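Novice: Here you go, sequence then predicted model.
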2 protein chains.
Amino acid sequence: MAKLVYKGKTKDVYALEDGNYLLEFKDDVTGEDGVFDPGANSVGLTIEGVGKAGLKLTKQFFEVLRDKGIPTHYIDADIQNATMKVKPATVFGQGLEVICRYRAVGSFLRRYGDYVKEGEPLDAFVEVTLKDDQRNDPVISSDALEMLGILSKDEYKRLKELTIAISGIIKSELEKKSIELYDIKLEFGRVQPDNQIVLIDEISGGNMRAYKDGKYIEPLTLEKLVTG
Amino acid sequence: MAKLVYKGKTKDVYALEDGNYLLEFKDDVTGEDGVFDPGANSVGLTIEGVGKAGLKLTKQFFEVLRDKGIPTHYIDADIQNATMKVKPATVFGQGLEVICRYRAVGSFLRRYGDYVKEGEPLDAFVEVTLKDDQRNDPVISSDALEMLGILSKDEYKRLKELTIAISGIIKSELEKKSIELYDIKLEFGRVQPDNQIVLIDEISGGNMRAYKDGKYIEPLTLEKLVTG
């Protein structure tokens, strides 16, 4: 029997008897005042079917990544029940988000708007933020990650490499449908027995900004365009 | 004749006929709601004599640094008129602040308080922020500084080395008076003819947090304790 171990903003987590975990994708998405924003920290609205749509996209992307030899926590997915079976992984510190940016939008633009124009192309720029809702997910340098005991310099290097590789694959997948990836937010963890760094969580409309013909694509639309 | 070229929050800048500049130290200090805060972006209050006190301290520190072979923009100081003569320097981008931290306080604690306790010792931790009042001086990584064309990786390395060396010297100077340096904010620029990176601006109570017997020392008191 699966046992609920964590209730998240957009997913619940169940422990399985075989030692693996089940992620249940919910219909809640992050945003503010009823407007979807993948960078927001609170659940802003519920959209029916968004959980299954996110899972379908996640399944498709994780299977492409598996085929390309990228290590992930993914085992398999059950679209009907909106669940994904994954290997157990431990996160870095209280959890990190690793962002890869191809265009200057969102928090990057809010921080560095003095030096960059909205939508300006960026060369697969990687940055890390702490998962800390209370402190608005502050950006953190590799020096600080090392000093605070969250990530060694070698682990940071590996995370950055993996992020650029994974984001590049997703970007190419989207390009097949004439969709442009502006930025994407990834999560990583360590899996046993050898503490290998793998991609965890999901890859769906909820953690990226994708545009078509210069217009932002909502998560549900993105799922239809990519999996359809 | 000196010509006013810039009115700053705590200093005015005059161009001299010989190509150098004169910094006039004012009695305004940064803070909020009448409370001094070296990390704040607005002028919070005026304290009579704080300009001259800041200059006395700056003169003393810059002369110590000169004796130790640290490159700075400093030429000489006139305490009576609260002015300092400096070499012309250009800043990086719209200006950077380079912070060296020995204890977790201020914005570092506000950002990373999930991983560090207030006042916890830090090992000369260096970070860079953009001077951008409108965006609350966002912290920026060496990767972002390079990508935005503000600082090359080699220049970042040099800035970090200089920051650790300078902050260590100031820390030792303060220790002679049983004062502990918690953090310090430095500014750098390039000087001609060879684009050498040098320390610019000032070093006074206004850009550091200094403590004695566990209590924060106000800028004016710091000046008396150190130069007296």
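Specialist: The structure has been received and is ready for your questions. These figures come from a predicted structure and were not determined experimentally.

Novice: quick one: contacts for A:Asp201?
Specialist: Neighbouring residues of A:Asp201 by CB atoms under 8 Å, 6 or more residues apart in numbering or on different chains: A:186-187, A:207. Quick note: C-beta positions are derived from backbone N, CA and C, even for glycine.

Novice: make it 10 Å
Specialist: Residues in contact with A:Asp201, defined by CB atoms under 10 Å, 6 or more residues apart in numbering or on different chains, are A:8, A:10-11, A:23, A:58, A:72-73, A:84, A:86, A:89, A:91, A:95, A:97, A:185-189, A:207.

Novice: From the residues you listed, list the buried ones, please.
Specialist: The neighbour count (16 or more other CB atoms under 10 Å in any protein chain shown) marks A:10-11, A:23, A:58, A:72-73, A:84, A:86, A:89, A:95, A:97, A:185-189, A:207 as buried among the contacts of A:Asp201.

Novice: Could you measure from the closest residue to A:Val86 other than its chain neighbours over to A:Glu223?
Specialist: Nearest non-adjacent residue to A:Val86, counting by CB to CB, 6 or more residues apart in numbering or on different chains: A:His73, 4.2 Å away. Computed as CB to CB, to the nearest Å, the A:His73 to A:Glu223 distance reads 21 Å.

Novice: repeat for A:Thr58
Specialist: For A:Thr58, the distance to A:Glu223 - CB to CB - is 10 Å.

Novice: Common neighbours of those two, please.
Specialist: Going by CB under 10 Å, 6+ apart, residues that sit against A:Thr58 and also against A:Glu223 are A:204-205.

Novice: What's the biggest helix in chain A, counting residues?
Specialist: Secondary structure of chain A per DSSP state H: the longest helix is helix A:153-175.

Novice: And the helices in chain A?
Specialist: A:50-67, A:106-112, A:142-147, A:153-175, A:219-227.

Novice: Would you confirm that the residue nearest to A:Val86 contacts A:Thr58?
Specialist: No - counting by CB atoms under 10 Å, A:His73 does not reach A:Thr58; the two are 11.2 Å apart.

Novice: what residues are up against the residue nearest to the spatial centre of chain A?
Specialist: Geometric centre of chain A, nearest residue: A:Leu186, 3.6 Å, by CA atoms, centre = their mean. Neighbouring residues of A:Leu186 by CB under 10 Å, 6+ apart: A:96-100, A:126, A:159, A:162-163, A:166-167, A:170, A:199-203, A:207-208.

Novice: partners of the worst-scoring helix or strand of chain A on mean pLDDT in the sheet?
Specialist: The helix or strand of chain A with the lowest confidence, counting by mean pLDDT, DSSP states H and E, is strand A:35-36 at a mean of 71. Here strand A:35-36 has these sheet partners by DSSP bridges: strand A:28-32 (antiparallel).

Novice: which of the residues in the partner strand are buried?
Specialist: Under the neighbour-count criterion of 16+ other CB under 10 Å, strand A:28-32 has A:28-31 buried.

Novice: List the strands paired with the top strand by length along chain A, with their directions.
Specialist: The strand spanning the most residues in chain A, taking DSSP state E as the definition, is strand A:180-191. According to DSSP bridges, strand A:180-191 has the following sheet partners: strand A:90-91 (antiparallel), strand A:96-103 (antiparallel), strand A:196-200 (antiparallel), strand A:208-212 (antiparallel).

Novice: quick one: average confidence on it?
Specialist: Strand A:180-191 shows an average pLDDT of 97 in the prediction.

Novice: Now do it and helix A:153-175, the angle between them.
Specialist: Calculated by axes from the mean of the first three to the mean of the last three CA atoms, to 10 degrees, strand A:180-191 forms an angle of 140 degrees with helix A:153-175.

Novice: In CSV, list the C-alpha atoms belonging to strand A:180-191.
Specialist: Extracted C-alpha coordinates of strand A:180-191, given in CSV (Å, rounded to 0.1, in the frame of the first residue of the first chain):
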residue,chain,number,x,y,z
GLU,A,180,10.6,28.3,-28.2
LEU,A,181,11.9,27.6,-24.7
TYR,A,182,12.6,30.9,-22.8
ASP,A,183,13.6,29.3,-19.4
ILE,A,184,13.2,26.1,-17.4
LYS,A,185,13.5,25.3,-13.8
LEU,A,186,14.9,21.9,-12.8
GLU,A,187,15.4,20.0,-9.6
PHE,A,188,18.0,17.5,-8.7
GLY,A,189,18.7,15.0,-6.0
ARG,A,190,21.1,12.2,-5.0
VAL,A,191,20.1,8.6,-5.4
